[in-house]
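> 3D, please:
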Amino acid sequence: MRQNNRHPFQAMALMSAILSQLVGSLLIGIFSGRWMDQKFDTEPLFLVLGLLIGLAAGIFSILRTIRKYFSGD
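Purely as a prediction, here's the structure:
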């Protein structure tokens with residue numbers, strides 16, 4: 001069996017990257033959706049769309065980060 005040489009700091013870095021990517025993309029989606037709602041006077045439409053797009057972007061970014069972490073690059 002292959003010995004796992006990963007350190008706890010690498011796991012902490014991975015978790016903080018995941019958290020920051022998810023929160024950042026959600027906040028960008030929410031605030032841009034609210035801004036577009038105020039600009040076009042369509043109250044919940046762009047907020048919900050921004051939330052969903054931000055969530056999808058965050059999940060995609062998390063999957064890319066995890067794939068890169070476990071591939072050893």
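
> Now do the same contact list for A17.
T65 (C-beta atoms under 8 Å, 6 or more residues apart in numbering). The C-beta positions use only the backbone N, C-alpha and C, and glycine is treated the same way.

> Tell me the secondary structure at M15.
helix (DSSP: H, G, I helix; E, B strand; the rest coil).

> and it, how many neighbours does it have?
Neighbourhood size, M15 [other C-beta atoms under 10 Å]: 10.

> for F46, same thing?
F46 has 21 nearby residues by other C-beta under 10 Å.

> Test my guess that it contacts D37.
Yes - taking contacts as C-beta atoms under 8 Å, F46 lies within contact range of D37: 4.7 Å.

> quick one, helices of this protein?
Secondary structure of the chain (DSSP state H): helices at 8-40, 45-71.

> Any buried residues in the last one, and which?
Burial within helix 45-71, assessed by neighbour count using 16 or more other C-beta atoms under 10 Å, is assigned to F46, L47, L49, G50, L51, I53, G54, A57, G58, S61, I62, Y69.

> Test my guess that the fourth one contacts S32.
Yes - with the criterion set as C-beta under 8 Å, G50 and S32 qualify as a contacting pair; they are 5.2 Å apart.

> and the gap between I18 and R67?
Separation of I18 from R67 (C-beta to C-beta, to the nearest Å): 12 Å.

> could you dump the buried residues of helix 45-71 to CSV with distance to Q10?
What follows is those, written out as CSV (distance: C-beta to C-beta, whole Å):
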residue, distance to Q10
F46, 38
L47, 37
L49, 36
G50, 33
L51, 31
I53, 30
G54, 27
A57, 24
G58, 21
S61, 18
I62, 16
Y69, 8
